[in-house]
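Chemist: I'll drop the sequence and a predicted model, then ask my questions.
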Amino acid sequence: MENSDEVVLRRTIGHKKDEFFLQRKRAQKNEIMSLLEGAGFSKSNPYFIVQQGKVNALCTMSDTERLQLLKEVAGTTVYDEKKAESEAKMEENRSNIEKIQEIMSYIEQRLDELKGEKEELTQYQRLDRNRRAIEYTLYDKELRKAREQLDEIESARHDDCETLAQLHEDCRRTHDEIMTIDATMKSKTNMLRRHRISAKGLKDDKTSAVTRRTQLELECKELDEAVRTGDETIKANKKEIERLAKEISKAEAELNDKVQPKYDSTSEAVTSLKNERDEVIRKIEGLYAKQGRGKQFTSREDRDAYLRTQIEELNAAKDEKTETVTSKRDTLSNLRRTLASDTKDLEAKTADVTKKGQSLQALTSTIEEKKKLRNEMAESRKEQWRSLEELNERVSEARDNAQKAMSNMRKVMPRATSQGLDALAGIVQQEGIRVGELYLGLLLENFDIKHPKFNTAIEVAAENSLFHVVVDTDATAARLMKRLEQDKLGRVTFLPLNRLQVEDVTYPDTTDVAPMITTCIEYDPKVHRAMQHVFGKKLLAANIDQATTWSGRLNMDAITLEGDLCGRKGALTGGYVDANKSRVRSQNQMTEADETLNKLQAECNDMKRKATGVDQQISALMGEIQRLEAKQANLDHLTQRMEDEIASLQSRVDGKKKQMEQIETDIIPPMETEIKSLSKPGGAPHGGDGHRAECQSDGRGAQDAQ
């Protein structure tokens, strides 16, 4: 501040504070006042700033008032006030000095008296030491004698305790063995019942399988017999086919070499003879007709008119025959084209049927594979059902064990606490309190005991505090207690972590005792305050003597492994501890039963999920098989229909071939022959050319007669 040209002074006034800051640092009010007075600013000198109306007041002041004002401005008033304060303090110091002198004189007198008392005290202490030494000698003898008797009694008691403990341990072990045997017998009984049910199912499966096997064996024998008969038939047919093939080859060779040429020549000869026969028949008919006409008509004009009429009719018949031949030839051409198209369609349909047959065969093979897979999955589903039934039985047993463990747990706690804890889980869920964050559960559930030998000591140390509920804050505890109170659901003690008052405890560095909170248990650091609240002033001692010694010395409770408690106020608690009513043991049994139940339920749910998956797969496979079978049936129907179409088309092709052959051999050649015969002169008895020749010959005959 001395090196600065600027001084910053600030005052902050609030509801409960009035603070001064000098150069932005906190300062006392007296320091600020001294600084201002040193600078000439005094609370008694408010004239550094001229107020309104002061000038007029100065002008009208008297001389005495002006003198007083000058003193105030010069600061002499402050000096007078401080001088008066200093004189008052000096007077007070004089009175204090006088009092101190009086006290010093009294102290000197008292010191003289104490010196005399000191000599008397020294002589008394020397005599008192002698008395205590004698008393110690006497008491030591009595103590040694009492200790010897106590050791004998303690040895006998220890032997009796060991015997009693051994008997209790044997009794407990026997009881546990009985319970284990009962549980095992119950499990074995259920397993026997499951196995009987499974054996019955397997027996039914075996019966059906044996029946099916017998049927299949009979079918196999029949099929083997049919195959053997078929093989023999095939062999005989092969031999017959070979013989027939040889005969056919021989017949074909003979047909091609001898019969066919002879047949062709004979057919040509027969056709020629038929034509000659027809020609002769027509000539004979013409001669007979000519002879009859000579008798029929009386004059040549009538005959000629009749012949001209016949000629016209024959020409018309010739034209009609010619048109018929042309039509037949067109029909034959159309049949050839249709036959080529039908043959092409027949080949395409045959190829399509072959392809569909291959697809049908592949589809049949796929369906068989799917059915085989379905049967395998059905067997797998049966096995899963059996396993699931066995798991359900085990879950039921585990649930019974968990309920039994819960019942044992409720027996070792107060009834009101049991009711409250039973209702607390539902309340926590209804209130939406997050488990693990706001609600941490029982104190017993928040730590693990390092070794089973500490169970009794932990239980004796905590007692019913094991059933206290650990929560995060007192607000959570208040919500839960309000619900318990409203619904009258029992009483529960809560341990809110934010309200627990725990002390930092210093434990002794010795092997006789050990802090229970670090030696016996393990826990999550977030519940340290709750553990410190319950186990912070608990010590684990090797025996009752050390427990008594260190309990009084450290003002803590000391507990032995056998469960003997030495309280910090001197009370001793001990005796027999019934392991069957142990809270820790009941909690362990309940935890183990719950873990087993949860594990079995998880396995059961997993098995159900797998079984459901297999069911879905079987359903999907059945749907696929049905779809494939429908496709197979449709393809079979299409194949059958196409085979029918092919048969119909083949029949139509064969019919067209026969029709073509008939037209080519039986229809067109006779018509052409007839047309040719009609076109020859004198070729027909009623032909136009014959009639014309007849008319001409008659004319020449008439001329010759003339």
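Modeler: Cool, got the structure.
Chemist: in the chain, which spans are strands?
Modeler: Ranges of strands in the chain, per DSSP state E, are 9-13, 18-22, 25-27, 439-442, 447-449, 469-471, 494-496, 513-515, 521-523, 538-541, 557-560, 565-566, 572-573.
Chemist: Hmm, K676 and T322 touching each other?
Modeler: No. Using Cβ atoms under 8 Å, T322 is not in contact with K676; the gap is 10.9 Å. Just so you know, the C-beta spots here come from the backbone N, C-alpha and C atoms, and that holds for glycine as well.
Chemist: Of the two, which one has the most company?
Modeler: Neighbour tally, T322 and K676, criterion other Cβ atoms under 10 Å: the higher count belongs to T322, 15 against 11.
Chemist: For N237, see how far away that one is.
Modeler: Separation of T322 from N237 (Cβ to Cβ, to the nearest Å): 55 Å.
Chemist: just A514 next, same as before
Modeler: For A514, the distance to N237 equals 103 Å [Cβ to Cβ].
Chemist: out of the two, which sits in the more crowded spot?
Modeler: Taking neighbours as other Cβ under 10 Å, A514 and N237 compare with A514 leading, 16 against 12.
Chemist: Is it correct that that one is in contact with L540?
Modeler: Yes. Under the criterion of Cβ under 8 Å, A514 lies in contact with L540, with a separation of 5.0 Å.
Chemist: where does this structure dip in pLDDT?
Modeler: 1-4, 38-54, 72-78, 289-298, 576-580, 666, 670, 674, 677-706 (pLDDT under 70).
Chemist: Distance to E135 for the strands of the chain - can I get that in TSV?
Modeler: Output for those, formatted as TSV (distance: least, Cβ to Cβ, whole Å):
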stretch	distance to E135
strand 9-13	72
strand 18-22	68
strand 25-27	66
strand 439-442	55
strand 447-449	48
strand 469-471	54
strand 494-496	51
strand 513-515	32
strand 521-523	47
strand 538-541	31
strand 557-560	31
strand 565-566	28
strand 572-573	28
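Chemist: So for S62, which of the ones you listed sits nearest?
Modeler: Taking Cβ to Cβ, strand 9-13 is the member of those nearest to S62, at 36.7 Å.
Chemist: To what extent is the nearest residue to Q28 once chain neighbours are set aside buried, counted in neighbours?
Modeler: Spatial nearest neighbour of Q28, chain neighbours left out: F20 (7.1 Å); criterion: Cβ to Cβ, 6 or more residues apart in numbering. If you count neighbours by other Cβ under 10 Å, F20 ends up with 17.
Chemist: Equivalent analysis for L444, please.
Modeler: With neighbours defined by other Cβ under 10 Å, the count for L444 comes to 22.
Chemist: can I assume it is in contact with L466?
Modeler: Yes. Contact between L444 and L466 holds when scored by Cβ under 8 Å: they sit 4.2 Å apart.
Chemist: what is in contact with the two at once?
Modeler: R583, V584, Q587 (Cβ atoms under 8 Å, 6 or more residues apart in numbering).
Chemist: For the second one, give me its contacts.
Modeler: Contact analysis of V584 by Cβ under 8 Å, 6+ apart lists L444, I449, N455, I458, E459, L466.
Chemist: Among these, find the one with the greatest number of neighbours, please.
Modeler: Most surrounded of these: other Cβ under 10 Å gives I458, at 25 neighbours.
Chemist: Please tell me how far stretch 220-227 is from the chain's geometric centre.
Modeler: Taking Cα atoms, centre = their mean, to the nearest Å, one finds the center of stretch 220-227 at 52 Å from the center of the full chain.
Chemist: Go through the shared contacts of L444 and L466 and flag which are in helices.
Modeler: Assigned to helices by DSSP state H, the following of the shared contacts of L444 and L466 qualify: R583, V584, Q587.
Chemist: what's the closest of the contacts of V584 to T591?
Modeler: The nearest one, if we look at these relative to T591 and count by Cβ to Cβ, is L444, at 9.5 Å.
Chemist: so how far is W550 from that closest one?
Modeler: Counting by Cβ to Cβ, the separation of L444 from W550 is 26 Å.
Chemist: where do the helices sit along the stretch 51-200 of the chain?
Modeler: Assigned by DSSP state H, counting those that start in this stretch, the stretch 51-200 of the chain shows helices spanning 54-59, 63-74, 76-254.
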